[in-house]
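S.K.: Next comes the sequence, and after it the predicted model I'd like to discuss.
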Amino acid sequence: MAKRLMGKPVVEALAREIGAHGQVLAERGIAPGLALVRVGERPDDLSYERTAEKRACALGVQVKKTVLPEDAAQDAIEAAIRSVNEDAAVHGCLMFRPLPSGIDEQAVCDALATEKDIDGVSSAALASVFMDRDLGFAPCTAAACMKLLDFYDVALEGAHVVVVGRSLVIGKPIAMMLLRRNATVTLCHSRTADLPAVMRGADIVVCATGRPRMFKAECFSAGQTVLDVGINFDDEGNLCGDVDFDEVEPIVAAITPVPGGIGSVTTSVLMAHTVEAAVRKLDA
């Protein structure tokens with residue numbers, strides 16, 4: 001049976017780090033501030049918002065919410081982002097995506113000041129990840145994967161990592177972050193020839209496609225570490241990942257469960273980035 005790579009101890013370790021940085025800020029009379037910008041009432045956005053607010057409260061991060069209607073115009077959304085940029089009490093911003101159809105989402109993302117882009121949504125922040133520079137912040141989910149791998153001492157240097165999924169939210173940025181740590185990365189997608197065979201040949205597999213229980217036993221081999229980034233619901237309404245956990249767990253060496261794995265770490269990384277942004281501003 002595989003070792004379960006639980007998110008809870010990673011979250012607890014991050015909380016200690018955040019607390020240490022928070023103490024430094026408190027001594028200078030600074031409270032880290034997080035802006036949440038939401039358009040409409042998508043259930044998944046509301047769920048993440050509640051989780052973020054709860055985690056922020058526990059870690060001493062002040063939250064400011066801006067909620068716009070589903071039919072908000074492009075200029076109204078960009079104006080809300082500019083307001084966040086101008087607010088000295090806000091150190092980081094989470095903008096819920098995807099935005100409604102008809103909105104130029106990238107233009108909205110690029111309107112956010114790089115130093116407040118704690119979820120790596122702007123072109124400047126993503127360029128920093130791809131160029132191995134520390135000017136911005138990586139997307140929180142990709143960063144959460146790296147935090148979990150490090151916490152459990154998963155060796156990356158020289159390891160063959162297969163990343164399935166090529167989005168700018170997870171697949172592409174985590175591939176770059178793994179390369180920075182001297183892993184050998186194969187970035188796969190829906191058109192990859194004989195994907196199960198490619199996956200079986202990896203030391204570490206990161207699954208980030210958003211398709212419930214897509215990856216079965218045939219895709220894995222003994223000794224592997226599997227990170228399941230998917231947050232999905234099956235036909236019965238049960239929360240599940242991209243990996244068929246029941247089939248795969250008996251095969252591999254270690255695996256993240258869903259729920260209880262990467263998702264729980266992502267929100268803590270969001271808070272860690274907010275606090276770090278406040279520290280960077282103080283240092284500057």
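M.R.: Perfect, thanks for sending it.
S.K.: How is the chain divided into domains?
M.R.: The chain breaks down by automatic domain parsing into domains covering 29-113, 140-263.
S.K.: First-to-last residue distance for the first one?
M.R.: Think domain 29-113. Taking CA to CA, to the nearest Å, domain 29-113 runs 23 Å from one end to the other.
S.K.: now stretch 128-146
M.R.: 16 Å.
S.K.: for residue 91, phi and psi?
M.R.: With angles defined as degrees, to the nearest 10, residue 91 sits at phi -110, psi -20.
S.K.: show me the residues around it that make contact.
M.R.: Counting by CB atoms under 8 Å, 6 or more residues apart in numbering, residue 91 touches 32-34, 116, 118, 274-275, 277-278, 281. For glycine as for every other residue, the C-beta is placed from the backbone atoms N, C-alpha and C.
S.K.: what do you get if the cut-off is 7 Å, keeping everything else the same?
M.R.: With contacts defined as CB atoms under 7 Å, 6 or more residues apart in numbering, the neighbours of residue 91 are 32-33, 116, 274, 277-278, 281.
S.K.: before we move on, back to that, so which of the domains of the chain gets nearest residue 20?
M.R.: domain 29-113 (11.5 Å; CB to CB).
S.K.: What is the distance between that closest one and the centre of its chain?
M.R.: Using CA atoms, centre = their mean, to the nearest Å, the mean C-alpha position of domain 29-113 is found 16 Å from that of the whole chain.
S.K.: tell me the average confidence for that domain?
M.R.: When pLDDT is averaged over domain 29-113, the result is 96.
S.K.: any idea how far the nearest residue to residue 159 once chain neighbours are set aside lies from residue 87?
M.R.: The shortest distance from residue 159 to any non-neighbouring residue, by CB to CB, 6 or more residues apart in numbering, is to residue 203 (4.3 Å). To residue 87, residue 203 is 45 Å away according to CB to CB, to the nearest Å.
S.K.: Those two - which one has more neighbours?
M.R.: residue 203 (19 against 14; other CB atoms under 10 Å).
S.K.: The more buried one reaches residue 157, doesn't it?
M.R.: No. In this structure, residue 203 is not within contact of residue 157 by CB atoms under 7 Å, at 11.1 Å.
S.K.: Could you list the buried residues of stretch 257-274?
M.R.: Neighbour-count burial for stretch 257-274, counted by 16 or more other CB atoms under 10 Å, picks out 257-258, 261-274.
S.K.: And for the helix or strand hosting residue 22, what's in contact with it?
M.R.: In this assignment (DSSP states H and E), residue 22 forms part of helix 8-27. The contact list for helix 8-27, computed with CB under 7 Å, 6+ apart, reads 32, 59-60, 147-148, 151, 264-265, 268, 271-272, 275-276, 278-279, 282.
S.K.: Just give me the neighbour total for the closest residue to residue 114 other than its chain neighbours.
M.R.: Using CB to CB, 6+ apart and skipping residues adjacent in sequence, the residue nearest residue 114 is residue 124, 4.5 Å away. Neighbour count for residue 124, taken as other CB under 10 Å: 17.
S.K.: quick one: which helix or strand includes residue 124?
M.R.: helix 123-130.
S.K.: pLDDT of whichever helix or strand comes after that helix, averaged?
M.R.: Downstream of helix 123-130, the next assigned helix or strand under DSSP H and E is helix 140-151. Summarised as a single mean, pLDDT over helix 140-151 is 98.
S.K.: In terms of secondary structure, what does the next helix-or-strand element following helix 140-151 contact?
M.R.: Next in sequence after helix 140-151, counting helices and strands by DSSP H and E, comes strand 160-164. Applying 3 or more CB pairs under 7 Å, 6 or more residues apart in numbering; DSSP states H and E, one finds that strand 160-164 contacts helix 171-180, strand 184-188, helix 195-200, strand 204-207.
S.K.: Report how many residues lie close to residue 281.
M.R.: 15.
S.K.: Now that we have the contacts of residue 91, which of them are buried?
M.R.: With burial judged by 16+ other CB under 10 Å, the buried subset of the contacts of residue 91 is 32-33, 116, 274, 277-278.
S.K.: Farthest-apart pair in those, please.
M.R.: Greatest spacing in the buried ones among the contacts of residue 91, by CB to CB: 32 and 116 (11.6 Å).
S.K.: the inter-axis angle of the longest helix that the chain contains versus helix 140-151?
M.R.: Longest helix in the chain, counting residues (DSSP state H): helix 262-283. Helix 262-283 runs at 100 degrees relative to helix 140-151, counting by axes from the mean of the first three to the mean of the last three CA atoms, to 10 degrees.
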